[in-house]
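> Fold the following and give me the result.
(one chain, ligands or ions: 1)
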Amino acid sequence: MKILVLNGPNLNMLGLREPDIYGNNTYADLLELIKAEADRLGVEVEFFQSNHEGALVDAIQGAYGRVDGIVINPGAYTHTSVALLDAVKAVSIPTVEVHISDPDTREDFRKISYIRAACVKTFKGLGFEGYLAAIRYLVENIK
Ligand code: CA2
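As a prediction, the model looks like this:
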């Protein structure tokens, strides 16, 4: 089983700014944590981060026929991107939405998630643990 882990804009800045919201750990720490959980579960993981909407669309399209599940934190594109929603719908790969913080408890503009309609599950407000929960969810639910 292969899982693609996608991260959107500014998530490469983890640990460097806004530690009160996103914690002190870095993007590299996040990848290490996910890889350890994937190894424990015996699944292959591939990582991609971009600050560009089209690059994320390309990554989702590139997963078609190649990947069994997607974990995505679209960052701010969560609240703006119909293109990411359409891409997940188009490839029809089970996709889990993850947010480190809980956007529903923040500014009103973060309360809308376009991509959620195409996702099988959402984990939010759990910090980095949300990504691990997403990996476990896909492993348990993809047959
Ligand atoms: O809570 C999340 O994971 C978010 O997807 C993070 C996005 C935000 O726009 C969403 O509403 C919720 C922002 C990611 C920015 O990450 C930073 C990391 C370090 C320093 C500054 C920003």
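
> Could you export the lowest-mean-pLDDT helix or strand in the chain as CSV, keeping only the C-alpha atoms?
The helix or strand of the chain with the lowest confidence, counting by mean pLDDT, DSSP states H and E, is helix 19-22 at a mean of 88. C-alpha atoms of helix 19-22 as CSV (Å, rounded to 0.1, in the frame of the first residue of the first chain):
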residue,chain,number,x,y,z
PRO,A,19,4.7,28.2,17.5
ASP,A,20,1.6,29.0,19.6
ILE,A,21,-0.6,27.8,16.8
TYR,A,22,1.5,25.2,15.0
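
> Show residues contacting the longest helix seen in the chain.
Using DSSP state H, we find that the single longest helix of the chain is helix 27-41. Contacts of helix 27-41 with the rest of the structure, by CB atoms under 8 Å, 6 or more residues apart in numbering, involve 3, 5, 7, 11-15, 25, 44-45, 47, 49, 128, 131-132, 135-136, 139. For every residue, glycine as well, the C-beta is placed using N, CA and C.

> mind running it again at 7 Å?
By CB atoms under 7 Å, 6 or more residues apart in numbering, the list of residues contacting helix 27-41 from outside reads 3, 5, 11-12, 14-15, 44-45, 47, 49, 128, 131-132, 135, 139.

> Fine, thanks again, bye for now.
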